[in-house]
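*Asks:* quick one, what's the 3D model for this:
(one chain, ligands or ions: 1)
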Amino acid sequence: MKKVALIWSSPNKDGLTASAKESMISGLTSDDIEITEIHLNEKKIEHCRACGNGWGTCNKTGNCVIKDDFSDIYDILIEADGIIFVSAVYWSDMTECFKAFFDRLRRCDATKNHLLADKRCIIVACAGGTGRGTLECMTQFERGLTHMGMRVYDRIPVVRFNRDYMLEALHKAGECYADALYNGFDMYY
Ligand SMILES: Cc1cc2nc3c(=O)[nH]c(=O)nc-3n(C[C@H](O)[C@H](O)[C@H](O)COP(=O)(O)O)c2cc1C
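*Replies:* This next block holds a predicted model:
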């Protein structure tokens, strides 16, 4: 059984972002894949305090000093064979909820634990406005994922104008990702 963690953020449970993650889940769903869905907007995640001299204590302990939902989610990602990040695009970036989580994830994993390194993941950015900023959002994700040594298998931009055909593509992407988790990723890096 392969485990996939799908972590997403938008305050809207029936909006563009939610539709995108549902399409991805529909493609992934099979008896051989266990999916854990994490809706960040429902979690308590404080932002990084940049404690100590700025490097925090996480670079020595691998743990964040803040006691909230962060650690449980981090554990789910560590256990996962595959990870999918789905965010609404705000200000040409990931949502503030995602940023708070992602900053702390990078701190703990990139500076000390290296437990996410080499995992293959997918980034999905959902822009419901002009569509501008979709690529910048995914670039922000990829920058942090690269710091952690993760490998981005696909980057999928969804805007309200391509919604119909991208939802179909996301279903297919889920199927392909599930297949690759079992049969290998055709990636040389
Ligand atoms: C604070 C804020 C900033 C936004 N910035 C952008 C943006 O830079 N580009 C864009 O196309 N849409 C932008 N939007 C629109 C969101 O992308 C859109 O509401 C969301 O992706 C739709 O997903 P949802 O249905 O899950 O809310 C912004 C929305 C908010 C609330």
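*Asks:* mean confidence for the strand or helix carrying residue 181?
*Replies:* Here residue 181 sits within helix 163-183, counting by DSSP states H and E. The average pLDDT within helix 163-183 is 97.
*Asks:* could you see whether the ligand lies near that helix?
*Replies:* No: Helix 163-183 is not in contact with the ligand by C-beta under 6 Å from any ligand atom; minimum separation 9.9 Å. Placement of C-beta: from N, CA and C, glycine included.
*Asks:* what segments of the chain are helices?
*Replies:* Using DSSP state H, the helices found in the chain span residues 16-28, 58-61, 70-79, 96-108, 134-147, 163-183.
*Asks:* now do stretch 173-189: distance to the chain's middle.
*Replies:* Its chain's C-alpha centre and that of stretch 173-189 lie 17 Å apart, by C-alpha atoms, centre = their mean, to the nearest Å.
*Asks:* CA atoms of that stretch as PDB?
*Replies:* Below are the C-alpha coordinates for stretch 173-189, written out as PDB (Å, rounded to 0.1, in the frame of the first residue of the first chain):
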ATOM      1  CA  ALA A 173      -2.400  13.400 -13.300                       C
ATOM      2  CA  GLY A 174      -3.700  11.500 -10.200                       C
ATOM      3  CA  GLU A 175      -3.800   8.300 -12.100                       C
ATOM      4  CA  CYS A 176      -0.300   8.800 -13.500                       C
ATOM      5  CA  TYR A 177       1.100   9.700 -10.200                       C
ATOM      6  CA  ALA A 178      -0.300   6.600  -8.500                       C
ATOM      7  CA  ASP A 179       1.200   4.500 -11.300                       C
ATOM      8  CA  ALA A 180       4.600   6.200 -10.900                       C
ATOM      9  CA  LEU A 181       4.600   5.600  -7.200                       C
ATOM     10  CA  TYR A 182       4.400   1.900  -7.900                       C
ATOM     11  CA  ASN A 183       6.400   1.600 -11.200                       C
ATOM     12  CA  GLY A 184       8.900   4.400 -10.800                       C
ATOM     13  CA  PHE A 185       9.300   8.000 -11.800                       C
ATOM     14  CA  ASP A 186      10.900   8.500 -15.200                       C
ATOM     15  CA  MET A 187      13.100  11.200 -13.800                       C
ATOM     16  CA  TYR A 188      16.800  11.400 -14.000                       C
ATOM     17  CA  TYR A 189      17.200  13.700 -11.000                       C
END
